[in-house]
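> Just to be clear, the model below is a prediction. Sequence and coordinates:
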Amino acid sequence: MGQRAIDQSRATEIQTALIKSGYLSGEASGRWDAETQAAMQKFQSDNGWQTKLIPDSRAIIKLGLGPAQDTEVSNNGSSAISTPEASTPVYSQQ
């Protein structure tokens with residue numbers, strides 16, 4: 001498989017999160033199919049991000065599937081380091 005392939009277990013995690021968020025219906029299949037890609041593109045578009053076939057890190061974090069770290073995630077999907085009052089997002093440019 002090429003670089004653009006998503007591992008079956010990761011695809012299942014993403015699909016489950018998209019289902020919980022209302023962007024995908026049915027059950028997670030673990031296949032990165034056209035329906036899943038369309039749901040991910042819609043999710044990214046609705047959040048004002050570029051719509052890519054492969055989800056970017058902001059989408060993964062907003063879906064609750066980012067790395068387990070001690071960071072806060074704001075409503076726009078940017079991680080703020082240290083305290084919840086921190087106003088400097090990790091993503092300085094889009």
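Now that the structure is in, tell me what you want to look at.

> all contacts plus neighbour counts: C-alpha atoms, from now on.
Will do.

> Just the strands from the chain, written as ranges.
72-73, 79-80 (DSSP state E).

> hey, least reliable of these by pLDDT?
The weakest mean pLDDT among the strands of the chain belongs to strand 79-80, with a mean of 42.

> quick one: residue 26 and residue 19 touch, right?
Yes - here residue 26 reaches residue 19: they are 7.4 Å apart, a contact under C-alpha atoms under 8 Å.

> who's more crowded, those two?
Set residue 26 next to residue 19 and count neighbours by other C-alpha atoms under 10 Å: residue 19 wins out with 17 against 8.

> mind listing what residue 45 touches?
residue 51 (C-alpha atoms under 8 Å, 6 or more residues apart in numbering).

> Please report how far it lies from residue 38.
To residue 38, residue 45 is 10 Å away according to C-alpha to C-alpha, to the nearest Å.

> same check, this time on residue 10
Residue 10 is 17 Å from residue 38, by C-alpha to C-alpha.

> Can you tell me how far the residue lying closest to residue 57 once chain neighbours are set aside is from residue 25?
In space, residue 57 comes closest to residue 66 once its chain neighbours are excluded; the distance is 7.4 Å by C-alpha to C-alpha, 6 or more residues apart in numbering. Going from residue 66 to residue 25 by C-alpha to C-alpha gives 22 Å.

> if you count what's nearby, which of these two comes out ahead?
Of the pair residue 66 and residue 25, residue 25 is the one with more neighbours under other C-alpha under 10 Å, namely 15 against 12.
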